[in-house]
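**Q** The amino acid sequence is not available; the structure is as follows:
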Ligand code: G3I
């Protein structure tokens, strides 16, 4: 008996056609080329009631970007787009250990403080990213952190950082990317410095200290590589779910899961029932789901900008159509504001074979809306128009005071 929730190939192809048809409809005859590189979507109004935050609100969701704090400070157009489109934001890098900890006995909060003030003044929710990760550790970490001091160091870091912003953070990525099947452990845990120096209870400790430090933030476990309809992703989803269930069984304070959602543009049926089931399983253990780092890698798409942008837009639409019917999905953030700053163009290992920069986000390097903007907005509208969402929402904590 075919699972009624499963998508047939026909479903996916139909969705792709809908996405590109809605884009063409929007523009009369599809996107137009402007002078110079790329092209723009004439007539797309992205402001006010036409913004992503407005359409997200209609669908009872939050929408936003990962932001670069230096651009937010220095680039007025960048700042204006964030204010126009976002009901929630997250620092791409400014709240990581590497940014906050110049020395083992020092904190540097200037950028993070400025971001917290920016968000508060504009009544934009703020995600914290992240309190415990095996990457973005400062240079002194490997030299000065040992099994003797690691537990106290992590505890003090979380207490200091989450305590400093207590009441002002919508949700914290408390632990980031703790599962790695390839490390071969029966529990699927990644063999990180934290695991090696503290033991498996570092995860539980991190969440407990975070709750004590900021009782109002939604405490989140954030992960990648759990999205695709593949054997490897299915195994990782199972390991994540097992870990989350164990934490909940031990009454560890845990409110949400972040599905990072660094997507591939192809194949069309790359995402499906396995991920839907995961989101439903998260709801059944009382967890909200945030789509925390959404972008679409266009490496396998042709060089032509118009073709690439439509292919990326179709992926955004079909992926969100898969997840937004689930009531416990309550926030969507893209990993970056525009193609100009995407991490996918940092480093050679992610470069396209034709050498062209990737175009993974909703706005191009000149901050112009792309077809993906319409794809995401249509997905919010589809959720809004559907009305009846699957499942009952987990008890949502009151939003922190802004
Ligand atoms: O700020 C320094 C600068 O002073 C220095 O001159 C320069 C040269 O090395 O490095 C700069 O720091 C870089 C930082 O980004 C800010 O640009 C780091 O080297 C670089 O490693 C860091 O990369 C970030 C990466 O996480 C590691 O922290 C990416 O921008 C960021 O997009 C990426 O985001 C991660 C999420 O946090 C977790 N999920 C996966 C995602 C993609 O990897």
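**A** Done, it's in. Keep in mind the model is a prediction, meaning the values are calculated, not measured. Numbering: from 1, shown residues only.
**Q** Would you mind listing what in the stretch 251-400 of the chain touches the ligand?
**A** 260, 293, 343 (CB under 6 Å from any ligand atom). Just so you know, the C-beta spots here come from the backbone N, C-alpha and C atoms, and that holds for glycine as well.
**Q** repeat for the stretch 51-200 of the chain
**A** Residues of the stretch 51-200 of the chain lying near the ligand by CB under 6 Å from any ligand atom: 92-93, 96, 135-136, 176.
**Q** Mind checking which of those land in strands?
**A** residue 176 (DSSP state E).
**Q** can you tell me which of the residues of the stretch 51-200 of the chain next to the ligand lies nearest to the ligand?
**A** residue 136 (3.6 Å; CB to the nearest ligand atom).
**Q** ok, now which ones touch that closest one?
**A** Residue 136 makes contacts with 93, 96-99, as judged by CB atoms under 8 Å, 6 or more residues apart in numbering.
**Q** which one of those residues has the most neighbours?
**A** Counting neighbours by other CB atoms under 10 Å, residue 96 leads these with 21 neighbours.
**Q** What residues does the residue of the stretch 251-400 of the chain found nearest the ligand make contact with?
**A** Closest to the ligand within the stretch 251-400 of the chain is residue 343: 3.2 Å, counting by CB to the nearest ligand atom. Each residue near residue 343 by CB under 8 Å, 6+ apart is listed here: 92, 335-336, 350.
**Q** Could you dump these into CSV with neighbour count added?
**A** Below are the contacts of residue 343 laid out as CSV (neighbours: other CB atoms under 10 Å):
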residue, neighbour count
92, 22
335, 21
336, 24
350, 14
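**Q** Include distance to residue 278 and secondary structure when you put the residues you listed into TSV, please.
**A** As requested, the contacts of residue 343 are arranged in TSV below (distance: CB to CB, whole Å; DSSP: H, G, I helix; E, B strand; the rest coil):
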residue	distance to residue 278	secondary structure
92	25	coil
335	20	coil
336	25	coil
350	25	helix
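**Q** and the strand or helix carrying residue 274, average pLDDT?
**A** Per DSSP states H and E: residue 274 is located in helix 273-284. Mean pLDDT, computed over helix 273-284, is 98.
**Q** tilt between the helix or strand just after it and helix 273-284?
**A** Once helix 273-284 ends, the next helix or strand along the chain (criterion: DSSP H and E) is strand 288-297. Per axes from the mean of the first three to the mean of the last three CA atoms, to 10 degrees, the angle that strand 288-297 makes with helix 273-284 is 150 degrees.
**Q** Parallel or antiparallel, which strands does strand 288-297 pair with?
**A** Using DSSP bridges, strand 288-297 pairs in its sheet with strand 256-259 (parallel), strand 262-264 (parallel), strand 329-334 (parallel).
**Q** before we move on, the earlier item: could you report the separation of the residue of the stretch 251-400 of the chain closest to the ligand from residue 205?
**A** 29 Å (CB to CB, to the nearest Å).
**Q** go on, residue 117?
**A** From residue 117 across to residue 205, the span is 30 Å (CB to CB).
**Q** And for residue 237?
**A** Residue 237 is 24 Å from residue 205, by CB to CB.
**Q** Compare those two (neighbour count), which wins?
**A** residue 237 (24 against 19).
**Q** For the more buried one, give its distance to residue 225.
**A** Here the criterion is CB to CB. By it, residue 237 lies 9 Å from residue 225.
**Q** Tell me, how many residues neighbour residue 281?
**A** A count of neighbours around residue 281, defined by other CB under 10 Å, yields 17.
**Q** now it, nearest residue through space, not along the chain?
**A** Of all residues not flanking residue 281 in the chain, residue 241 sits nearest, at 5.6 Å (CB to CB, 6 or more residues apart in numbering).
**Q** Next: residue 329.
**A** Nearest to residue 329 is residue 289, by CB to CB, 6+ apart, at 4.7 Å.
**Q** Show me what the one you found bridges to in the sheet.
**A** According to DSSP bridges, beta-bridge pairing links residue 289 with residue 257, residue 329.
**Q** so it makes contact with residue 279?
**A** Yes. With contact defined as CB atoms under 8 Å, residue 289 reaches residue 279; the gap is 5.3 Å.
**Q** okay, and the common contacts of these two?
**A** The contact lists of residue 289 and residue 279 share 259, 323, 326, 328-329, where a contact means CB under 8 Å, 6+ apart.
**Q** secondary structure element for residue 373?
**A** Going by DSSP H and E, residue 373 is part of helix 371-386.
**Q** And that helix, what does it pack against?
**A** Under the contact criterion of 3 or more CB pairs under 8 Å, 6 or more residues apart in numbering; DSSP states H and E, helix 371-386 touches helix 9-27, helix 52-58, helix 305-323.
**Q** following the second one, which helix or strand comes up?
**A** Once helix 52-58 ends, the next helix or strand along the chain (criterion: DSSP H and E) is strand 62-67.
**Q** Remind me what whatever helix or strand comes next after that next one packs against, helices and strands.
**A** Where DSSP H and E defines the elements, the next helix or strand beyond strand 62-67 is helix 69-74. For helix 69-74, the packing partners by 3+ CB pairs under 8 Å, 6+ apart come out as helix 76-85, helix 110-121.
**Q** can I get those helices in TSV with mean neighbour count, mean pLDDT and distance to residue 60?
**A** Below are these laid out as TSV (neighbours: other CB atoms under 10 Å; pLDDT from 0 to 100; distance: least, CB to CB, whole Å):
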stretch	mean neighbour count	mean pLDDT	distance to residue 60
helix 76-85	16	98	17
helix 110-121	17	98	20
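**Q** Out of the ones you listed, the one nearest residue 299 is which?
**A** Across those, residue 299 has its closest neighbour in helix 76-85 (25.4 Å, CB to CB).
**Q** Who are the packing partners of the closest one?
**A** Helix 76-85 packs on helix 52-58, strand 62-67, helix 69-74, going by 3+ CB pairs under 8 Å, 6+ apart.
**Q** Pipe the strands paired with strand 288-297 into TSV and attach mean neighbour count and mean pLDDT per row.
**A** Output for the strands paired with strand 288-297, formatted as TSV (neighbours: other CB atoms under 10 Å; pLDDT from 0 to 100):
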stretch	mean neighbour count	mean pLDDT
strand 256-259	26	98
strand 262-264	18	98
strand 329-334	25	98
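**Q** how about JSON lines for those strands, with distance to residue 283 added?
**A** Below are the strands paired with strand 288-297 laid out as JSON lines (distance: least, CB to CB, whole Å):
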{"stretch": "strand 256-259", "distance to residue 283": "10"}
{"stretch": "strand 262-264", "distance to residue 283": "22"}
{"stretch": "strand 329-334", "distance to residue 283": "9"}
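**Q** All set, thanks.
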